[in-house]
Each structure stands twice: as structure tokens, then as C-alpha cells.
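1. build me a model:
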Amino acid sequence: MPRPQLRRPPGPPEPPGPPEPPHQDPGLQPERTSMAWGRTLMSFVVVSAVFLRWLPHHGPFVLVLFGLAVLTASAIYLTQRPRYARSARGIVEERTEPEVGAVLATSVAMLALGSLGVWVVLVLV
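-> Residues are numbered from 1 along each chain as shown. Next up is the predicted model:
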């Protein structure tokens, strides 16, 4: 006598697969640019930690440097996802625009931090 087959009750639907990438080549410029911005962000975090180490020796003005470094790192973090999306969309549309404003703002912040850091070390000893 054949054995009856038991039917399983329907379970939850299978989860969808991984999201489709915004463009067809995952090794293109948006990923490399995003990684470079991530390294820049990490550099500003490390610099802010160094400024905190300066606090006992150089006084409370170092908190201005710390604040500027944290502000710059936060700005990079908050703009990274939209910047990646614009870059990936530009690859698909075959038309990308450079991020001049972000690069200029980061350069100005780095120049200000460097100049003020040298001033703190040489003048506020």
C-alpha cells in the first residue's frame, strides 16, 4: 500500500534576494569614491582624537579644533549616501558631475585645521 505524502502547510514567503545594484559594474567609480570618502571621514575622526589629547597641554582653544574636525567628519558622513546615489545614477545615465563643493569644503576645513593646529603648537605653548 503506498504511503500517503504529507503536505506542508504554507510557510512565510521566502525573503527577497539581495537588492539589485544601481549599476551593472560593481567595480566602477562610485564604490572607489565612496571608500575614499570613508577614509577621509576616518582621518577627521582620528584628528579629532589627537586634538583631545592636546587639551591638557594647549588649553581650551583646542576644543575649537576638535569641534571643526567633528563637524567636518559629520558632514562627510551625512552626505555620503546621497553622493553615492548621484554617482551611481550618473553611471547609469552616462553623465556624471564632479563633487566640487564637497571637495572644496573638505579642503578648506583641512587647511583651517592645519593652520590653526600649527598656530596652537607654536603660539599657545
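2. rest of the way, CA atoms for contacts and neighbours
-> OK.
3. show me what stretch 111-125 is in contact with.
-> The contact list for stretch 111-125, computed with Cα atoms under 8 Å, 6 or more residues apart in numbering, reads H57, H58, V62, L65, L68, A69.
4. now that stretch: how far from the chain's centre is it?
-> 26 Å (Cα atoms, centre = their mean, to the nearest Å).
5. what does stretch 99-118 give?
-> For stretch 99-118, the separation from the chain centroid amounts to 16 Å (computed by Cα atoms, centre = their mean).
6. what's the answer for stretch 34-51, then?
-> With Cα atoms, centre = their mean, you get 9 Å for stretch 34-51.
7. which of the residues in it are classified as buried?
-> Neighbour-count burial for stretch 34-51, counted by 16 or more other Cα atoms under 10 Å, picks out S34, W37, T40, L41, F44, V45, V47, S48, F51.
8. mean confidence score for that stretch?
-> Across stretch 34-51, the average pLDDT comes to 94.
9. fine, thanks again, bye for now.
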